[in-house]
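Peer 1: give me the fold of what follows.
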Amino acid sequence: MADDAERRSGAGSGAKSGHDRDRDTTILTRLKDGSLKLYELEKELSPIDAIRVRREFMEQETGTPLENIGIFSIDVDRVVKRNCENMIGTVQVPVGVAGPVIVNGGYASGRFYLPLATTEGALVASVNRGCSAISKAGGAEVRILHDGMTRAPVFAADSVGHAAQVCDWVTVHRDELRVAAESTTSHGKMTGIVTFVAGTSVFVRLEFDTKDAMGMNMVTIASAKVADLIAQGTGVRLIALSGNMCTDKKPAAINGILGRGRSVVAGVSLTHELISQVFKTDARTLFEVNYRKNFVGSARAGSMGFNAHAVNVVAAMFIACGQDAAHAIDGSTCITTVDLTDTGVYVAVTLPSLPVGTVGGGTGVETQAECLKLLGVAGSGTPPGTNAKKLAEIIGAAVLAGELSLLGALAAQHLARAHQQLGRG
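Peer 2: I've put the predicted structure just below:
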């Protein structure tokens, strides 16, 4: 067990042999004189030794001890090949758990504990309170509205007439392009292709069903095949495989309108009694806070999102569950609605763009894989695609819990008090 811990941590707690010391000294000298590059260490050393020596080099170069970065539990053999170059260790993010929350989804059904990776005090406690309210109300109703990962190459046409011809050609050859795209993958299916023109620039937005993968690598490779055929067939020039009409890792209206990744909606009906009991406020105040903050305030600020803090919860779950953390920005386009009813309120969150997956990327890192197992979504589902949709529905319910709790705290004027108690640095 001790040997295994040392192998995984990279801390180098065991004494080095004379041969190892001489080898490390030689390698460090070569790094300093530039005859060996940091990214070449894995060619000469095992991954765990490469990480340790690279860290020692950084300590010498910067004069900064990196003892804690060098302590970790993950097996790095896979990580250095697929997830991180020039690795020197890990940064540990605290993981809290909220719930259980009852989810009544098309794919997620039952009670779930939510793993949230965060350094923001009060966040887990806030989501936990929202989970309690949702469960007392019988659970969150959650559905996937749309599912499709996109990539949008941009081409340069000779004139606007040529640009229009390119669009017509794409429409006529849609089936041929689909076959070409799907020839690059055993899992992905092309489900849509839409063209956009701006002067002589032609954007072709391709959409794919990527099953349980988030799918960016898959759709990029498939889109490259399609782009080549379009260029050959029309004489248009491919400028960039991504033309920002995808739109990837940026808040964008097109994602909010057409969707990207998994598009999720979650809602719950709260009674007057439950609102008073859990949130210490009333239905009309809850409604007014949402209207004046999330709608009027967001509109006045020119925000692309109409929510209280949806991305807070999305980011915490993304980091815990091995998702691409940069895609958490898509959570900021969430729309939170509060409808007054005869019995209280119906609160819903609409997340048009959640690029999530349960295979590939960071989902195979041991700590993140454990969080996915906690939710019952690790790996590929049966049939393929169901685990990723289930994860998206659980995240939708988590966002709903976070929105409910913050709106309730604002309505009851409790926000500052909560942060004083739980979030002080």
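Peer 1: where does pLDDT dip in this protein?
Peer 2: Across the chain, the stretches falling below the confidence threshold (pLDDT under 70) are 1-16, 415-425.
Peer 1: could you report the neighbour count for residue 71?
Peer 2: Around residue 71 sit 16 other residues, with neighbours defined as other Cβ atoms under 10 Å. Bear in mind the C-beta positions are built from the backbone N, C-alpha and C, glycine included.
Peer 1: typo on my end, residue 300
Peer 2: The local packing count at residue 300 equals 9, with neighbours defined by other Cβ under 10 Å.
Peer 1: which residues sit against the helix or strand containing it?
Peer 2: For residue 300, the enclosing helix or strand under DSSP states H and E is helix 298-301. Counting by Cβ atoms under 8 Å, 6 or more residues apart in numbering, helix 298-301 makes contact with 305-307, all of which sit outside it.
Peer 1: got JSON lines for those, with neighbour count too?
Peer 2: Listed next are the contacts of helix 298-301 as JSON lines, based on neighbours: other Cβ atoms under 10 Å:
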{"residue": "305", "neighbour count": "21"}
{"residue": "306", "neighbour count": "21"}
{"residue": "307", "neighbour count": "27"}
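Peer 1: show me these that map onto strands.
Peer 2: Within the contacts of helix 298-301, no residue falls in strands by DSSP state E.
Peer 1: turn the residues you listed into TSV, including distance to residue 258.
Peer 2: As requested, those are exported to TSV (distance: Cβ to Cβ, whole Å):
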residue	distance to residue 258
305	16
306	18
307	19
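Peer 1: any idea which of the residues you listed is the one closest to residue 128?
Peer 2: When the contacts of helix 298-301 are compared for distance to residue 128 (Cβ to Cβ), residue 307 wins out at 18.9 Å.
Peer 1: backbone dihedrals for the closest one, both of them.
Peer 2: When read as degrees, to the nearest 10, the backbone of residue 307 gives phi -150, psi 170.
Peer 1: can you check residue 100 too?
Peer 2: Dihedral angles of residue 100 (phi, psi; degrees, to the nearest 10) stand at phi -80, psi 160.
Peer 1: do the one 10 residues further on as well
Peer 2: With angles defined as degrees, to the nearest 10, residue 110 shows backbone torsions of phi 130, psi -160.
Peer 1: and it, how many neighbours?
Peer 2: Residues contacting residue 110 under the criterion other Cβ under 10 Å number 13.
Peer 1: beta partners for it?
Peer 2: With DSSP bridges as the criterion, the beta-bridge partners of residue 110 are residue 103.
Peer 1: the residue lying closest to residue 236 once chain neighbours are set aside bridge partners, please.
Peer 2: Distances taken as Cβ to Cβ, 6 or more residues apart in numbering place residue 155 nearest to residue 236, at 4.2 Å, with adjacent residues excluded. When assigned by DSSP bridges, residue 155 has beta-bridge partners residue 202, residue 238.
Peer 1: residue 155 reaches residue 166, doesn't it?
Peer 2: Yes - counting by Cβ atoms under 8 Å, residue 155 sits close enough to residue 166 to count as a contact (6.6 Å).
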